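Chemist: just to be clear, the model below is a prediction. Sequence and coordinates:
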Amino acid sequence: MKNLITGGAGFIGSHLAEALLKQKEEVVVVDDLSTGRMDNINHLRKEKGFSYHIDTIMNEHLMKRLTQKSDVIFHLAAAVGVKYIIDNPLKSIETNVKGTEMVFKLADRAGKKKVILASTSEIYGKDRPGKRVFKEEDDRLLGSTSISRWSYSCTKALDEFLALAYRRERGLPVIIARFFNTCGPRQTGRYGMVVPRFIKQAIDNRPITVYGDGKQTRCFTDVQDTVKAVILLSKNPNAIGEAFNIGNPDNKITINALAKRAKSLAGSKSRIKHVPYEKVYEKGFEDMRHREPDISKLKQITGFVPETDMNHMLSRIVGYLKSRG
Ligand code: UDP
């Protein structure tokens, strides 16, 4: 199989590239290195069947050529990370909407190539009383347009609508993968993601910055599990035209407990510091208290079960971040 991965030099994209190469498949990466890094794919350059283009997915000429030569397109190129979205609202909207539109259009024209769209648990939006676990068909609940956090949820929802419209009107084979808090080596804390931030702070013996009261919970998924689920979906004809949560409900933890765990696994002397949301995010920012994936649909269709527990996942990240210095 020939796989095109947009955003393939990013955190999840580079792990996906690696896993597909291990299965002796061909991989072509397109990445403009806006949030991806050459470092993430340097070790793949010598692998048979691997090639890459440092370019934007808006380069229609290049994308047309690469789409024509591919069997499957994994569309991961996107603006990601709560902090990145808030700091770069315009670029985020453009990349997530125009870029995706281009990918679907070209996949359709190139003979209806299969597209796996990377989406997000942000789709579900904010808290509502008594609700912690989200199923694919659940309602979405978003805040005001004056809070740019919600633009991410909206752009990704528009991407999903586009995917489903291409499916319905053009018969394009599309699959939507909604990622829930994926972590692992190569993820950077620069765009706000909590796990690499806490572990780096712990390694450097700097204060570990817990936002709010720290009683909010998340379920963290190891990138190896995420990639496994994505590949299983991509090869399953029953997944076409459907959206799937990808996450690990067993790895549920409060942010306070995560801070303590990061500290002990890194053998750190850091203190844990609570920081009010207003100091770090935009005015009116709302955090989700709890968000858990219901993965029964994914399990039922693919037989997937997440395997990596919290400590194993965090220890690997400690090792990676220590090795980078
Ligand atoms: N968070 C934190 N300290 C940080 C970064 C994030 O306490 O330095 C919190 C954040 O407010 C949220 C949780 O960790 O409650 C997960 O944040 P992340 O941005 O990683 O993911 P998301 O909010 O999209 O689930």
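Modeler: Done, it's in.

Chemist: residue 262 against residue 196, yeah?
Modeler: No. At 9.7 Å, residue 262 and residue 196 do not qualify as touching, with contact defined as C-beta atoms under 8 Å. Placement of C-beta: from N, CA and C, glycine included.

Chemist: who's more crowded, those two?
Modeler: With other C-beta atoms under 10 Å as the criterion, residue 262 and residue 196 differ in neighbour count, and residue 262 comes out ahead with 26 against 23.

Chemist: strands of the stretch 151-300 of the chain, residue ranges please.
Modeler: Counting by DSSP state E, counting those that start in this stretch, residue ranges of the strands within the stretch 151-300 of the chain are 174-179, 182-183, 208-211, 217-219, 221-222, 243-246, 252-254, 272-275, 292-293.

Chemist: and the last one, what does it pack onto?
Modeler: Other elements packing on strand 292-293 under the criterion 3 or more C-beta pairs under 8 Å, 6 or more residues apart in numbering; DSSP states H and E are strand 133-134, strand 217-219.

Chemist: quick one: name the residues of this protein near the ligand.
Modeler: Counting by C-beta under 6 Å from any ligand atom, the residues of the chain lying close to the ligand are 82, 181, 192-194, 197, 209-211, 216, 218, 255, 287.

Chemist: one more pass at 8 Å, please.
Modeler: Taking C-beta under 8 Å from any ligand atom as the contact definition, the chain meets the ligand at 81-83, 120-122, 181, 189, 192-195, 197-198, 201, 208-212, 214, 216, 218, 255, 258-259, 275, 277, 280-281, 287-288, 291.

Chemist: now restrict the residues you listed to buried residues only.
Modeler: 81-83, 120-122, 181, 189, 192-195, 197-198, 201, 208-212, 214, 216, 218, 255, 258-259, 281, 291 (16 or more other C-beta atoms under 10 Å).

Chemist: next step: those restricted to helices.
Modeler: Among those, the subset assigned to helices under DSSP state H consists of 82, 83, 194, 195, 197, 198, 201, 255, 258, 259.

Chemist: hang on, the fourth one packs against residue 316?
Modeler: In this case it means residue 195. No. Residue 195 lies out of contact with residue 316 (C-beta under 8 Å); the separation is 10.9 Å.

Chemist: ok, back up a step: now for the helices and strands packed on strand 292-293, which one comes closest to residue 239?
Modeler: Each of the helices and strands packed on strand 292-293 was checked against residue 239 via C-beta to C-beta, and the shortest separation belongs to strand 133-134, namely 18.5 Å.

Chemist: pLDDT on the longest helix seen in the chain, on average?
Modeler: Taking residue count as the measure and DSSP H as the definition, the longest helix of the chain comes out as helix 149-170. Helix 149-170 shows a mean pLDDT of 96 in the predicted model.

Chemist: now it and strand 174-179, what's the angle there?
Modeler: The directions of helix 149-170 and strand 174-179 differ by 160 degrees, with axes from the mean of the first three to the mean of the last three C-alpha atoms, to 10 degrees as the criterion.
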